[in-house]
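A.B. asks: Provide a 3D model corresponding to the input given below.
(one chain, ligands or ions: 1)
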Amino acid sequence: SEGAGGGAEGGGGGDTIVLGFSQVGAESGWRTANTKSIKQSAEDAGFELRFSDAQQQQENQIQAIRSFIQQGVDVIAFSPVVESGWDTVLVEARAADIPVVLTDRAVETDEDDVYETFLGSDFVEEGRKAGRWLVDEYADSDEEVRIVELQGTTGSAPANDRRDGFAEIIGEDDKFEVIASQDGDFTRSGGQEVMQAFLSSHDDIDVLYAHNDDMALGAIESIEAAGLEPGEDIKIISVDGIKDAFQAMADGKINVVVECNPLLGPQLMDLVEKVHAGEEVPERVKVEEGVFTQDQAEEELPNRKY
Ligand code: GYE
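C.D. replies: Here you go, the predicted model:
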């Protein structure tokens, strides 16, 4: 009854769980795979999904969440584009008694009990994995290693955490220096443009650390356009593990990819069902992930699911 209507009393009370989901956008291969996984899993679970794409704007997400509250959906899930600025709308959801599940990215909040659980990767650990690869790679050299960093969206959890985890590890040895670090917004075009700028202001870049594959792939275009060999003249570390990045790794253009799994749909639907039923769920649910290097790329490529 109430479930399918989509009117002001669209949610709660019907048999079908109505899930409002606010997605960040469609900025990367990771995100596309994540959206697909969420849509497919909602369908498989028999939920009614109300899906909203925020085009990477926080105000669009806040608007979508308010609209879900007004519709009276059963559960709200969202992937917060940035970490801060959510308190008001989260308090509104709490006041409406609608459970909230954070997916993929975390929030910073001073409020208690404004979300049930956070399902997502450990981005600090991903940054550390990137740093550990680099420390290993240069273990036999005392020379300075000059690094440029393509950061994800400013203020987003993965950008903050991947920066911090990486800095923590390379900070143990003075020879590593991040000579430039800038926001490429997790997009190919962002990566391409910022890398071009890096290349025009520095002629001695040893390593690129890109916070995601799309930016790394965009940067490769700029590196090649500058007459340099990606993976050789400039070593490239990336995060996510989309197929295109594995292809680039098999081609020798990316050196290492730290995996970040976007296929969160099944776990998310499981958590949604539980919070809807009022069951206890862990406050934090992490995703298991690996690290892949060039020698594994060819063999791993056909196994990649995103
Ligand atoms: O790494 C990037 C995407 O939040 C983990 O967002 C996600 C990140 C992912 O745009 O490709």
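
A.B. asks: CA only for contacts and neighbour counts going forward, please
C.D. replies: Fine.

A.B. asks: where's the spatially most central residue of the chain, which helix or strand?
C.D. replies: Centroid-nearest residue in the chain: P158, 5.7 Å away (criterion: C-alpha atoms, centre = their mean). When elements are assigned from DSSP states H and E, P158 belongs to helix 157-170.

A.B. asks: ditto for I237
C.D. replies: For I237, the secondary-structure element it belongs to, assigned by DSSP H and E, is strand 235-240.

A.B. asks: And for Y115?
C.D. replies: Going by DSSP H and E, Y115 is not part of any helix or strand.

A.B. asks: residues making contact with the longest helix seen in the chain?
C.D. replies: For the chain, the longest helix by residue count, based on DSSP state H, is helix 29-45. Under the contact criterion C-alpha atoms under 8 Å, 6 or more residues apart in numbering, helix 29-45 has outside partners 23, 25-26, 48-49, 214, 240, 242, 261-266, 268-269, 306.

A.B. asks: CA atoms only for that helix, dumped as CSV, please.
C.D. replies: The C-alpha trace of helix 29-45 is given here as CSV (Å, rounded to 0.1, in the frame of the first residue of the first chain):
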residue,chain,number,x,y,z
GLY,A,29,34.5,4.1,-12.7
TRP,A,30,34.4,3.2,-9.1
ARG,A,31,31.2,5.2,-8.6
THR,A,32,29.5,3.7,-11.7
ALA,A,33,30.2,0.2,-10.4
ASN,A,34,29.0,1.2,-6.9
THR,A,35,25.7,2.6,-8.3
LYS,A,36,25.1,-0.5,-10.4
SER,A,37,25.8,-2.7,-7.3
ILE,A,38,23.3,-0.7,-5.2
LYS,A,39,20.5,-0.7,-7.8
GLN,A,40,20.9,-4.4,-8.5
SER,A,41,21.1,-5.4,-4.9
ALA,A,42,18.0,-3.4,-4.0
GLU,A,43,16.1,-5.1,-6.7
ASP,A,44,17.3,-8.5,-5.6
ALA,A,45,16.3,-7.8,-2.1
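
A.B. asks: who touches the residue nearest to the centre of the chain in this structure?
C.D. replies: P158 makes contact with 105, 123-124, 152, 211, according to C-alpha under 8 Å, 6+ apart.

A.B. asks: Sticking with L134, tell me its helix or strand.
C.D. replies: L134 is located in helix 123-137, with elements delineated by DSSP H and E.

A.B. asks: what sits up against that helix?
C.D. replies: Outside helix 123-137, the residues touching it (C-alpha under 8 Å, 6+ apart) are 157-158, 161-170, 237-239, 256-260, 291.

A.B. asks: re the thing from before, now, which of the contacts of P158 lie close to the ligand?
C.D. replies: With C-alpha under 6 Å from any ligand atom as the criterion, the members of the contacts of P158 in contact with the ligand are R105.

A.B. asks: Nearest to the ligand, out of the contacts of P158: which one, please.
C.D. replies: R105 (5.6 Å; C-alpha to the nearest ligand atom).

A.B. asks: list the contacts for the closest one?
C.D. replies: The contact partners of R105, by C-alpha under 8 Å, 6+ apart, come to 79-81, 83, 118-120, 156-158.

A.B. asks: Give me the subset of those lying in strands.
C.D. replies: The members of those that map onto strands under DSSP state E are 118-120.

A.B. asks: Let me see the ranges of the strands in this protein.
C.D. replies: Taking DSSP E to define them, one finds strands in the chain at 18-23, 48-53, 75-78, 100-103, 117-120, 145-151, 176-183, 207-210, 235-240, 256-259, 284-286, 291-293.

A.B. asks: And the ones you listed: which comes nearest L199?
C.D. replies: Nearest to L199, of all the strands of the chain, is strand 145-151, at 9.6 Å by C-alpha to C-alpha.

A.B. asks: got any ranges where this protein has weak pLDDT?
C.D. replies: Scanning the chain for pLDDT under 70 picks out the ranges 1-14.

A.B. asks: how about the residues of it near the ligand?
C.D. replies: Taking C-alpha under 6 Å from any ligand atom as the criterion, the neighbours of the ligand within the chain are 27-28, 30-31, 104-105, 158, 186, 212, 240.

A.B. asks: how about the strands of the chain in JSON lines, adding mean neighbour count and distance to E111?
C.D. replies: Rendered in JSON lines, the data for the strands of the chain read as follows (neighbours: other C-alpha atoms under 10 Å; distance: least, C-alpha to C-alpha, whole Å):
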{"stretch": "strand 18-23", "mean neighbour count": "27", "distance to E111": "20"}
{"stretch": "strand 48-53", "mean neighbour count": "18", "distance to E111": "25"}
{"stretch": "strand 75-78", "mean neighbour count": "24", "distance to E111": "17"}
{"stretch": "strand 100-103", "mean neighbour count": "24", "distance to E111": "13"}
{"stretch": "strand 117-120", "mean neighbour count": "23", "distance to E111": "14"}
{"stretch": "strand 145-151", "mean neighbour count": "23", "distance to E111": "28"}
{"stretch": "strand 176-183", "mean neighbour count": "17", "distance to E111": "29"}
{"stretch": "strand 207-210", "mean neighbour count": "27", "distance to E111": "33"}
{"stretch": "strand 235-240", "mean neighbour count": "25", "distance to E111": "31"}
{"stretch": "strand 256-259", "mean neighbour count": "26", "distance to E111": "32"}
{"stretch": "strand 284-286", "mean neighbour count": "13", "distance to E111": "17"}
{"stretch": "strand 291-293", "mean neighbour count": "17", "distance to E111": "36"}
